[in-house]
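Sharing a model prediction with you, sequence too.
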Amino acid sequence: GAVVSQHPSWVICKSGTSVKIECRSLDFQATTMFWYRQFPKQSLMLMATSNEGSKATYEQGVEKDKFLINHASLTLSTLTVTSAHPEDSSFYICSARDGGLKVSSYNEQFFGPGTRLTVL
Amino acid sequence: AQSVAQPEDQVNVAEGNPLTVKCTYSVSGNPYLFWYVQYPNRGLQFLLKYITGDNLVKGSYGFEAEFNKSQTSFHLKKPSALVSDSALYFCAVRVGNQGGKLIFGQGTELSVKP
């Protein structure tokens, strides 16, 4: 149980185009999903917290108009990188927190396998 | 400000020897501490967590971690390292009043040689 998938696993796009990344919780309901960005051999940097049915909460310094987040259902959140540029190339990882009937502050997060974005 | 530090960028261990990956934290309130492992081009896999109770926490793949409140540490340990343990390890802390947000350390690359 507690599987999170991401699609696509990798994507190459031209500068100026938009790319959508999906994050799905396969066997549980995730009221909260998180989007992270990771540069090679570096830590994960939280970009935003996505709550089902409401607007995402972005971390300081993250452009909400560039990184559009939609969490339309309890099992799906999407991250759209708009007008992508080479500096947006990175590894994007989502995680989902099992809301279920045991919502608490220490419910662990389950991570997706990540999406490698390369912008040419 | 909440923070997590992993003082070692890399740890090298011979197979069969014990390993320790260090983590210290600075948070206000009760810390909820986690260890994750990441293999190349993959997401993070949960190893173990400390919420409350016994200071020694046992997790996946033979790993354990000891919560030390006085030293604000949560070091990851394993009695006998395997080559397959070679990966990137992240310590993280979550504070309940921040909506479940995780703060990660910078990561430690563990290399286990045969």
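That came through, no problem. It should be emphasised that the depicted structure is a prediction, and the values quoted were computed from it without experimental measurement.

strands paired with the helix or strand of chain A with the lowest mean pLDDT, and their directions?
Scoring the helices and strands of chain A by mean pLDDT, DSSP states H and E places strand A:109-111 at the bottom, with a mean of 87. Strand A:109-111 sits in its sheet next to strand A:90-98 (antiparallel), going by DSSP bridges.

contacts for the least confident helix or strand of chain A?
Residues outside strand A:109-111 that contact it (Cβ atoms under 8 Å, 6 or more residues apart in numbering or on different chains): A:2-4, A:25, A:28, A:34, A:93-98, B:36, B:43-46, B:100, B:102. Glycine gets a C-beta too; all of them are placed from N, C-alpha and C.

can we see that at 10 Å?
Strand A:109-111 is contacted from outside by A:1-4, A:6, A:23, A:25-28, A:30, A:32-34, A:36, A:44, A:93-98, B:34, B:36, B:38, B:42-46, B:92, B:94, B:100-102, using Cβ atoms under 10 Å, 6 or more residues apart in numbering or on different chains.

Poorly predicted segments of chain B, please.
Confidence mapping of chain B against pLDDT under 70 gives the ranges B:95-99.

Going by residue numbers, what spans are strands in it?
B:3-5, B:10-14, B:19-21, B:24-26, B:32-38, B:44-50, B:56-58, B:64-68, B:73-78, B:87-94, B:102-104, B:108-113 (DSSP state E).

Could you export these to TSV, including columns for distance to chain A and mean neighbour count?
Compiled in TSV, those are given as follows (distance: least, Cβ to the nearest Cβ, whole Å; neighbours: other Cβ atoms under 10 Å in any protein chain shown):
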stretch	distance to chain A	mean neighbour count
strand B:3-5	9	16
strand B:10-14	10	15
strand B:19-21	14	20
strand B:24-26	14	16
strand B:32-38	5	24
strand B:44-50	4	20
strand B:56-58	13	14
strand B:64-68	14	18
strand B:73-78	14	21
strand B:87-94	7	23
strand B:102-104	5	22
strand B:108-113	7	17
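
Write out the residues of chain A neighbouring chain B.
For chain A, the residues in contact with chain B (Cβ under 10 Å from any Cβ of the partner chain) are A:2, A:4-6, A:9-10, A:31-32, A:34, A:36, A:38, A:41-46, A:49, A:51, A:57, A:59, A:91, A:93-95, A:97, A:103-116.

same thing but 6 Å
Within reach of chain B by Cβ under 6 Å from any Cβ of the partner chain, chain A has these residues: A:43-44, A:93, A:97, A:105-106, A:108, A:111-114.
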